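Colleague: The following comprises the amino acid sequence and a computationally predicted model.
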Amino acid sequence: MLKVQDGTVIEGIFNDDKYIEIVKNSHFATLIIHIDIKHFEDKCVEVVSALADEHLIYAVDYVIARARGKYK
């Protein structure tokens, strides 16, 4: 059985905190980060920490993925 929910996709470089309110106001969000693989882990820690400060939980409220191409 599959569970289908509405969700939000946020895509970008995440250099500011505008995404936090979007995630807070979403049922579930997917954050797609455009960043070089060498810096992806550090950016994930930064984003997860910022969202945790707002009591948002990874895999409950949102997930993170890395975009393969360059941000347009």
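Modeller: Looks like it came in fine. Worth saying up front: this structure is predicted, and the values here are computed from it rather than measured.
Colleague: Wait, K24 touches D53, no?
Modeller: No. The criterion here is C-beta atoms under 8 Å, and K24 misses it with D53 at 11.3 Å. Where C-beta positions appear, they are placed from N, C-alpha and C, glycine not excepted.
Colleague: Pick out whichever of the two has more residues nearby.
Modeller: Using other C-beta atoms under 10 Å as the criterion, K24 and D53 rank with K24 on top: 14 against 10.
Colleague: For the residue lying closest to the more buried one once chain neighbours are set aside, which residues are in contact?
Modeller: Sequence neighbours aside, E54 is the residue nearest to K24 in space, at 6.1 Å (criterion: C-beta to C-beta, 6 or more residues apart in numbering). With contact set as C-beta atoms under 8 Å, 6 or more residues apart in numbering, E54 has these partners: I20, V23, K24.
Colleague: Got the phi and psi for E54?
Modeller: E54 adopts backbone torsions of phi -100, psi 10, taken as degrees, to the nearest 10.
Colleague: Also E11?
Modeller: Dihedral pair for E11: phi -130, psi 130, per degrees, to the nearest 10.
Colleague: what's near enough to touch the closest residue to it other than its chain neighbours?
Modeller: Nearest residue to E11, sequence neighbours excluded (C-beta to C-beta, 6+ apart): I32, at 4.2 Å. Taking C-beta under 8 Å, 6+ apart, we find I32 in contact with V9, I10, E11, G12, I64, A65, R66, A67.
Colleague: try 7 Å this time
Modeller: Neighbouring residues of I32 by C-beta atoms under 7 Å, 6 or more residues apart in numbering: V9, E11, A65, A67.
Colleague: Number of residues surrounding the third one?
Modeller: Put plainly, it is A65. Neighbour count of A65, defined by other C-beta under 10 Å: 13.
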